[in-house]
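Engineer: Any chance you could fold what I've pasted below:
(one chain, ligands or ions: 2)
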Amino acid sequence: MKYRDQRVVSAAREEDFTCQFCGAAVSSEAAGSLHRNHCPRCLASIHLDDKPGDRASDCHGRMDAMAVWVRQNGEWAVIHRCRTCGVLHSNRIAADDNSLLLLSIAVKPLAEPPFPLGLLERSMAQESGVQSE
Ligand SMILES: [Zn+2]
Ligand SMILES: [Zn+2]
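Structural biologist: Numbering: from 1, shown residues only. Ligands and ions are numbered 1, 2, ... in the order given. This next block holds a predicted model:
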């Protein structure tokens, strides 16, 4: 286990990169996390891993951040979906990730509900037995 951790650290150090989707210059050292696996500006990633950090996938498709969820400890994580093969990965967010973009992903289902919000109000009123005027 110790050996594996060291390998991950040294791999991360070599991974300063320019985001091929938005052009941001990304330093892996600034992340405050051991493996930066997505761009802090556009949150896009590349499908390199089967398991986090293993670099075992040869898909290399673009992965878009499509959802945010909250882990048991309250930490936010991002769900990435690969455009090429459709696989879903959950990734921890980094301290310098684009917080505005994270928020907009998080509220998107609320901002674009699949039904009119007026209908929701009516059905909630029916469930609680309250007559809405
Ligand atoms: Zn980017
Ligand atoms: Zn893929």
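Engineer: Pretty sure residue 67 sits against residue 105.
Structural biologist: Yes. Because the distance of 6.5 Å satisfies Cβ atoms under 8 Å, residue 67 is recorded as touching residue 105. Using the backbone N, CA and C atoms, a C-beta is placed for each residue, glycine as well.
Engineer: Which element, helix or strand, includes the most centrally placed residue in the chain?
Structural biologist: In the chain, the residue lying closest to the centroid (Cα atoms, centre = their mean) is residue 78, at 2.2 Å. Assigned by DSSP states H and E, residue 78 falls within strand 76-82.
Engineer: same deal with residue 105?
Structural biologist: helix 99-111.
Engineer: And that helix, what does it pack against?
Structural biologist: Counting contacts by 3 or more Cβ pairs under 8 Å, 6 or more residues apart in numbering; DSSP states H and E, helix 99-111 packs against strand 62-70, strand 76-82.
Engineer: any idea of the mean pLDDT for it?
Structural biologist: Regarding helix 99-111, the rounded mean pLDDT is 94.
Engineer: Ok, stretch 69-80 next?
Structural biologist: 94.
Engineer: Now that stretch: buried residues?
Structural biologist: 78, 79, 80 (16 or more other Cβ atoms under 10 Å).
Engineer: mind checking pLDDT for the closest residue to residue 17 other than its chain neighbours?
Structural biologist: In this structure, residue 17 finds its nearest non-sequential neighbour in residue 26, 5.4 Å apart by Cβ to Cβ, 6 or more residues apart in numbering. On the pLDDT scale, residue 26 is placed at 86.
Engineer: With the one 3 residues further on instead?
Structural biologist: Per-residue confidence at residue 29 stands at 67 (pLDDT).
Engineer: Pull out the buried positions in the helix holding residue 105.
Structural biologist: Buried residues in helix 99-111 (16+ other Cβ under 10 Å): 101, 102, 105, 106.
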